[in-house]
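Asker: mind folding the following:
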Amino acid sequence: MNPQNLPDRIRETRARIAAAAARCGRSVDSITLLAVSKGQTAKGVHAAAAAGLTQIGESYLQEALEKQQALAAEPAGGPPLTWHFIGRLQANKTRAVAERFEWVHAVDRLKIAQRLSEQRPYHAPALNVCLQVNIAAESTKGGVSPEELPELTRSVATLPRLKLRGLMCIPPEESDPQRQRAWYGKLRRLQEALNAQGAGLDTLSMGMSADLEAAIAEGSTCVRVGTALFGPRPAKMQS
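Answerer: Numbers count the residues shown, from 1 in each chain. Okay, here's the model as predicted:
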């Protein structure tokens, strides 16, 4: 990443979000820009924060903890960062996430949610969580099935140190905007059905660099953007 390009990339991304919101009559303030900084250095995160990005998303725990430690060692200044864990979470790594993050976007099993609740420090506010839905039943992706979602929602909502906020998905890669919208519309309708039963969910974590417009049109409240802000990830990080 070239830090000199970052302010321009941020302006371009925010303009895309604002235009997408305007097209569907939504307030741009209802949409959070989550900067996905996996593969970036602590210096890159610092540059993003200095440019006004305070919501930071990480997928790899050890990499994230190293960045948090490096940034904590820097002189205080600027607004605090809000850390979101957006990767697939293994049971043996829940403690560090419960202790060091404010959001977890990819809870897909009750066991993971229970461990996060048990391990969340009592002096900290409740951990915000989203349930990941495997919206297209893809074997290569995590997520609860739509059929099992209501039961998981009810169970997670009872856990004492968590605040169940909403749903998250990673749909199949599509180039056609209508097909993009179809997947995101499916997640929105699942949330609407849960809320009709009293779930009280307020977050839809959906949309990335290539399809954030479609996600916003279907109600996304949090777009997870990496490439459009930081450029392509290093080759070793790509799959």
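Asker: now for the helix or strand of the chain with the lowest mean pLDDT, which elements pack on it?
Answerer: Of all the helices and strands that make up the chain, the one with the lowest confidence by mean pLDDT, DSSP states H and E is helix 42-50; it has a mean of 92. Other elements packing on helix 42-50 under the criterion 3 or more C-beta pairs under 8 Å, 6 or more residues apart in numbering; DSSP states H and E are helix 6-23, strand 55-58, helix 61-72, helix 227-230. All C-beta spots, glycine's among them, are computed from the backbone N, C-alpha and C.
Asker: any idea which helix or strand comes after the helix ranked longest in the chain?
Answerer: Longest among the helix segments of the chain by residue count, using DSSP state H, is helix 177-196. Scanning forward in sequence from helix 177-196 by DSSP states H and E, the next helix or strand is strand 203-205.
Asker: how close does the residue lying closest to residue 119 once chain neighbours are set aside sit to residue 220?
Answerer: Once flanking residues are discounted, residue 119 sits nearest to residue 98: 3.9 Å by C-beta to C-beta, 6 or more residues apart in numbering. The span separating residue 98 from residue 220 equals 26 Å under the rule C-beta to C-beta, to the nearest Å.
Asker: what about this protein, any weak spots by pLDDT?
Answerer: Filtered on pLDDT under 70, the chain yields the residue ranges 1-4, 75-77, 233-239.
Asker: how many residues are close by residue 141?
Answerer: Other residues within reach of residue 141, judged by other C-beta atoms under 10 Å, total 18.
Asker: let's number from 33 now, not from 1
Answerer: Yep, numbering from 33; the last one is residue 173 now.
Asker: quick one: contacts for it?
Answerer: 166, 202 (C-beta atoms under 8 Å, 6 or more residues apart in numbering).
Asker: how about it, secondary structure?
Answerer: Secondary structure assignment for residue 173 (DSSP: H, G, I helix; E, B strand; the rest coil): coil.
Asker: how far away is it from residue 124?
Answerer: In this structure, residue 173 lies at 21 Å from residue 124, with C-beta to C-beta as the measure.
Asker: ditto for residue 169
Answerer: When C-beta to C-beta is applied, the distance between residue 169 and residue 124 equals 27 Å.
Asker: if I've got this straight, residue 144 is in a helix?
Answerer: Yes. According to three-state DSSP, the state of residue 144 is that of a helix.
Asker: check the offset of stretch 78-93 from the chain's centre.
Answerer: The gap between the average C-alpha position of stretch 78-93 and the chain average comes to 12 Å, counting by C-alpha atoms, centre = their mean, to the nearest Å.
Asker: and that stretch, how far apart are its ends?
Answerer: End-to-end span of stretch 78-93 (C-alpha to C-alpha, to the nearest Å): 18 Å.
Asker: what residues does it touch?
Answerer: When contacts are defined by C-beta under 8 Å, 6+ apart, stretch 78-93 is touched by residues 33, 35, 38-39, 42, 64-70, 72, 77, 96, 99, 103, 106, 110-120, 125, 128-129, 137, 256, 258, 261-262.
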